[in-house]
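Trainee: My questions concern the predicted model and sequence given below.
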There are 2 protein chains.
Amino acid sequence: MTSQNISMSVINRLPRYYRFLNYLKLSGVTRISSRELSEKMGLTASQIRHDLNCFGGFGQQGYGYIVSELRDEIGKILGVDKQAKMILVGAGNMGQAVVTHLDFESRGFMITGIFDNSEDKIGKIINGIPVLDWQTVEEFCKEHTPEAAMICIPTSACKSVAEKLIGLGVNCFWNFSHYDIALHYPGTIVENVHLGDNLLTLSYRFRNNS
Amino acid sequence: MTSQNISMSVINRLPRYYRFLNYLKLSGVTRISSRELSEKMGLTASQIRHDLNCFGGFGQQGYGYIVSELRDEIGKILGVDKQAKMILVGAGNMGQAVVTHLDFESRGFMITGIFDNSEDKIGKIINGIPVLDWQTVEEFCKEHTPEAAMICIPTSACKSVAEKLIGLGVNCFWNFSHYDIALHYPGTIVENVHLGDNLLTLSYRFRNNS
């Protein structure tokens, strides 16, 4: 099974399959056809077969998929059985809410350090983790070797933060800022969360729905 | 100028153009070619010309785009000059953080009411708006006629909340839950924010980067 050359749109659908299969498993469903799965998910059956075939194919013609097996396989592909060390940079409202709200450890990562440069926040405990002074990040990275960072700081501060972290061996970013890390550092892996852009897209669709 | 039949991928790029042109305008840039814009944004010049042509075309061959004009035009297309009334349902960490962190009014919406069903939260003031009892939503909607809702509640509660709101005339949703509103109510306009899915995609890319 190879994961090369799989389109981003297929990859972006995988978490949804995983989530849905999880739900089916918890609901006691043991087997499902691609047709049934497609109806429940609002996709076409052929799209589902195509997507899953990208990863080597699961299920058998006329028999369907075994829910728990397919869930576990997709989970493994997504990396839910591992936890890469991730730091949060920026302990404002947004960073705090996401770290408190979301179960990182079932999604391939583990928050192992939180950094801020504001005296109001340094020393505060978020989800059991103390907020450290950004000035100490170099020391921390040398000792704990985080591989990923969640960036929740104003765009103006991002250039120097990204540069610093990349120099310290972090090359994977969950980026909530508007600084375009991937454009400036082509070797990095970046997923952007642009809530403001998403709200603007909703605004467009709301006004062009006739 | 028609906005029919424009692909979602073009629409999803518009907020980024708007954001970028805003930045250029603030930086004092008055005119830009599609080639320069493409280099700064990490897109191809032909993609930019294609995207902007979907909306009737701006700029002139050999002259480029006038930054402030293009920004204003895209802003109008996105609806930044209007504010639709939106309510927040669910005043937990995430809902609070987003409402506090993000400027809705420059993105086509205005939060006019906040609802929760927990006694801990009812009566609390978030960004100047009191959290009201979900039980009073019908009365509120009849008086204030919100057209959109931001949904920040557990998935299990979403079915009844969506049904209620749709019955009260709300058909535009910014959905932070995993309940698939668009699948169950085909007439609605929904943008989903699935932070957990986005983190899983990052996990996949992190582990398949060789």
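Mentor: Great, that's in hand. Numbers count the residues shown, from 1 in each chain, chains lettered A, B, ... in the order given.
Trainee: Could you pull up the residues touching residue A:125?
Mentor: Residue A:125 is in contact with residue A:131, counting by C-beta atoms under 8 Å, 6 or more residues apart in numbering or on different chains. Quick note: C-beta positions are derived from backbone N, CA and C, even for glycine.
Trainee: Kindly report the same for residue A:38.
Mentor: Contacts here follow C-beta under 8 Å, 6+ apart; on that basis residue A:38 touches A:44-45, A:47-48.
Trainee: Tell me which of the residues you listed fall in helices.
Mentor: A:45, A:47-48 (DSSP state H).
Trainee: can you give me the strands for chain A?
Mentor: Along chain A, counting by DSSP state E, strands occupy A:31-32, A:65-66, A:84-89, A:109-116, A:125-126, A:129-133, A:148-151, A:172-175, A:189-192.
Trainee: quick one, which of the ones you listed is nearest to residue B:95?
Mentor: strand A:125-126 (17.9 Å; C-beta to C-beta).
Trainee: just how off-centre is the closest one within its chain?
Mentor: How far strand A:125-126 lies from its chain's middle: 22 Å, per C-alpha atoms, centre = their mean, to the nearest Å.
Trainee: ok, that strand: who's next to it in the sheet?
Mentor: strand A:129-133 (antiparallel) (DSSP bridges).
Trainee: List the contacts of the partner strand.
Mentor: Outside strand A:129-133, the residues touching it (C-beta under 8 Å, 6+ apart) are A:91, A:99, A:111-117, A:121-125, A:140.
Trainee: Next, the buried residues of the worst-scoring helix or strand of chain A on mean pLDDT.
Mentor: One helix or strand of chain A scores below all others by mean pLDDT, DSSP states H and E: helix A:45-53, with a mean of 87. Under the neighbour-count criterion of 16 or more other C-beta atoms under 10 Å in any protein chain shown, helix A:45-53 has A:48-49, A:51-52 buried.
Trainee: Now do the helices in chain A.
Mentor: Here chain A has its helices, by DSSP H, at A:8-26, A:34-41, A:45-53, A:67-78, A:93-101, A:137-144, A:155-167, A:181-184, A:195-207.
Trainee: Among those, show me which one is buried the most.
Mentor: Highest mean neighbour count of those: helix A:195-207, a mean of 22 (counted as mean count of other C-beta atoms under 10 Å in any protein chain shown).
Trainee: out of the helices of chain A, which comes closest to residue B:159?
Mentor: Among the helices of chain A, the nearest to residue B:159 by C-beta to C-beta is helix A:8-26 (13.4 Å).
Trainee: tell me what that closest one is packed against?
Mentor: If you count contacts as 3 or more C-beta pairs under 8 Å, 6 or more residues apart in numbering or on different chains; DSSP states H and E, helix A:8-26 packs onto helix A:34-41, helix A:45-53, helix A:67-78, helix B:195-207.
Trainee: Quick check: which ranges of chain A have low pLDDT?
Mentor: For chain A, the stretches flagged by pLDDT under 70 are A:1-5, A:57, A:59-61, A:210.
Trainee: any residue of stretch A:137-156 up close to chain B?
Mentor: Yes. Stretch A:137-156 lies within reach of chain B by C-beta under 8 Å from any C-beta of the partner chain, at A:147-148.
Trainee: which among the contacts of strand A:129-133 gets closest to chain B?
Mentor: Among these, residue A:99 lies closest to chain B (C-beta to the nearest C-beta), at 9.4 Å.
Trainee: need the contact list for the closest one.
Mentor: A:88, A:111, A:114, A:126-127, A:129, A:150.
Trainee: please redo it, this time with the cut-off set to 7 Å
Mentor: Going by C-beta atoms under 7 Å, 6 or more residues apart in numbering or on different chains, residue A:99 touches A:88, A:111, A:126-127.
Trainee: now that we have these, which one has the most neighbours?
Mentor: Comparing those by number of neighbours (other C-beta atoms under 10 Å in any protein chain shown), residue A:88 comes first, having 27 neighbours.
Trainee: That one and residue B:34, how far apart?
Mentor: Applying C-beta to C-beta, to the nearest Å, the value for residue A:88 to residue B:34 is 38 Å.
Trainee: just residue A:152 next, same as before
Mentor: Counting by C-beta to C-beta - residue A:152 and residue B:34 are separated by 33 Å.
Trainee: Just to check, residue A:67 is in contact with residue A:36?
Mentor: No. The pair residue A:67 / residue A:36 is not scored as a contact, 10.7 Å apart, by C-beta atoms under 7 Å.
Trainee: Looking at the helices and strands packed on helix A:8-26, which is nearest to residue A:172?
Mentor: Distance to residue A:172, taken as C-beta to C-beta, is lowest for helix B:195-207 among the helices and strands packed on helix A:8-26, at 4.8 Å.
Trainee: Can you get me the centre-to-centre distance for that closest one and its chain?
Mentor: In terms of C-alpha atoms, centre = their mean, the centre of helix B:195-207 is set 21 Å apart from its chain centre.
Trainee: tell me the contacts of residue A:138?
Mentor: residue A:168.
Trainee: swap in residue A:82?
Mentor: Residue A:82 sits next to residue A:108 when contact means C-beta under 7 Å, 6+ apart.
Trainee: ditto for residue A:170
Mentor: Contact analysis of residue A:170 by C-beta under 7 Å, 6+ apart lists A:146-149.
Trainee: do residue A:141 as well
Mentor: Going by C-beta under 7 Å, 6+ apart, the list of residues near residue A:141 reads A:168-169.
Trainee: same question, residue A:114
Mentor: The neighbours of residue A:114, taking C-beta under 7 Å, 6+ apart as the test, are A:87-88, A:91, A:126, A:129, A:131-132.
Trainee: nearest to chain B, of those residues?
Mentor: Top of the list for closeness to chain B, among the contacts of residue A:114 and by C-beta to the nearest C-beta, is residue A:126 at 10.8 Å.
Trainee: Against chain B, how distant is residue A:203?
Mentor: Computed with C-beta to the nearest C-beta, to the nearest Å, the distance linking residue A:203 and chain B is 3 Å.
Trainee: Tell me if I'm right that that residue and residue B:109 touch.
Mentor: Yes. Here residue A:203 reaches residue B:109: they are 6.5 Å apart, a contact under C-beta under 7 Å.
Trainee: Distance to residue B:18 added to the helices of chain A, as TSV?
Mentor: Shown next, in TSV, are those (distance: least, C-beta to C-beta, whole Å):
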stretch	distance to residue B:18
helix A:8-26	23
helix A:34-41	32
helix A:45-53	31
helix A:67-78	32
helix A:93-101	21
helix A:137-144	33
helix A:155-167	15
helix A:181-184	17
helix A:195-207	7
